[in-house]
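Colleague: Sequence below, structure please.
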Amino acid sequence: MRTDYHNHLEKGTLTIDYLRAFITKAEEEGIEEFGISEHAYHFHETKDILSNPWVDKRRWYTMEEYVDLFKEAEKQGLDVKMSIEMDYTPGRHAEMERFIRDYPFDYVIGSIHWVGDFGIDLAEYRKEWERRDVKEVYRKYFDQVVTLSESNLFDVIGHLDLVKIFRYVPDDREFLMNEYDRITSALANSKTCVEISTAGLRKPVEKMYPEPELLKMCQKKNVPIVLSSDAHEPAHVGYRYEEAVALAREAGYTTLMTFNQGKRKEVSLT
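Modeller: Just a heads-up that it's a prediction; the model follows:
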């Protein structure tokens with residue numbers, strides 16, 4: 001089985017026609033489990049979780065609209081999972097838990113895009129990398145990976161090493177290996193799966209998430225995986241999946257996790 005659980009409608013509309021374009025592409029790519037996981041910050045109901053000038057300008061939807069879209073999809077016989085990608089926000093665990101509990105998500109993705117006020121993957125903030133200590137940014141980013149895992153709020157962590165997106169990487173290998181070890185141990189002690197994401201192949205780093213060494217550590221500690229493209233347009237659904245499958249197999253994986261109405265099932269990787 002192949003999954004694509006990390007996809008976004010934000011460049012289009014919350015309509016059946018636009019959703020159908022994603023589903024059609026998934027079918028063409030042989031994706032058997034497909035889900036939409038819109039960014040939580042787009043919804044007015046998440047203002048108490050994450051609020052800053054960048055995200056507040058992009059708060060477009062209500063959760064009622066989102067849930068209604070999936071109800072309509074079900075009526076029309078469309079096979080699609082409803083999810084959300086939530087920015088993990090330290091100090092907002094109660095608010096995140098309440099939001100997750102309030103809606104019938106098939107699964108929930110937790111991701112880290114902000115280190116304090118620094119949007120690490122945003123083009124608008126790219127020059128900040130030149131002003132900051134790269135190792136310190138990585139340490140703070142991985143601190144959040146640990147606490148995200150410990151929260152046990154999320155089924156999947158998105159793009160585990162997104163922090164490398166602009167090719168800023170500490171040249172201290174021992175530091176990186178130690179960080180990889182501590183975050184994989186935290187993941188192993190949680191319910192959180194790791195996604196193999198081909199999105200990085202479309203970004204400046206031109207590499208998948210996570211790094212092969214990091215993924216091998218996940219496998220050795222029995223951290224489950226899902227496959228994701230992080231598509232923001234229909235054409236990118238299932239993007240370069242053969243490479244994702246190859247990376248999974250090279251790391252030693254033979255299975256992946258699927259989700260339905262909050263329940264998980266391990267299936268063979270094909």
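
Colleague: What sits closest to the residue most central in space within the chain if chain neighbours are left out?
Modeller: Per CA atoms, centre = their mean, the C-alpha nearest to the average position across the chain is that of Gly158, at 2.3 Å. Using CB to CB, 6 or more residues apart in numbering and skipping residues adjacent in sequence, the residue nearest Gly158 is Ser111, 3.5 Å away. Heads up, the C-betas are built off the backbone N, CA and C, glycines and all.

Colleague: Then Phe34?
Modeller: The shortest distance from Phe34 to any non-neighbouring residue, by CB to CB, 6+ apart, is to Ala26 (4.1 Å).

Colleague: Tell me if I'm right that that neighbour and Asp4 touch.
Modeller: Yes: if you go by CB atoms under 8 Å, Ala26 and Asp4 touch, sitting 6.0 Å apart.

Colleague: Now do the helices in this protein.
Modeller: Taking DSSP state H to define them, one finds helices in the chain at 16-28, 53-56, 63-75, 93-102, 128-131, 134-151, 173-188, 212-220, 241-250.

Colleague: okay if I get these as a markdown table plus mean neighbour count?
Modeller: Below are the helices of the chain laid out as a markdown table (neighbours: other CB atoms under 10 Å):
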| stretch | mean neighbour count |
| --- | --- |
| helix 16-28 | 17 |
| helix 53-56 | 14 |
| helix 63-75 | 15 |
| helix 93-102 | 15 |
| helix 128-131 | 12 |
| helix 134-151 | 18 |
| helix 173-188 | 17 |
| helix 212-220 | 18 |
| helix 241-250 | 16 |
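
Colleague: I'd like to know which of those helices is closest to Gly262.
Modeller: For those, the distance to Gly262 is smallest for helix 93-102, at 9.7 Å, taking CB to CB.

Colleague: got the end-to-end distance for stretch 117-125?
Modeller: Length of stretch 117-125, first residue to last, CA to CA, to the nearest Å: 10 Å.

Colleague: what comes up buried for it?
Modeller: Phe118, Gly119, Ile120, Asp121, Tyr125 (16 or more other CB atoms under 10 Å).

Colleague: Out of those, which one has the lowest pLDDT?
Modeller: Least confident of the buried residues of stretch 117-125 in the model: Tyr125, at 95.
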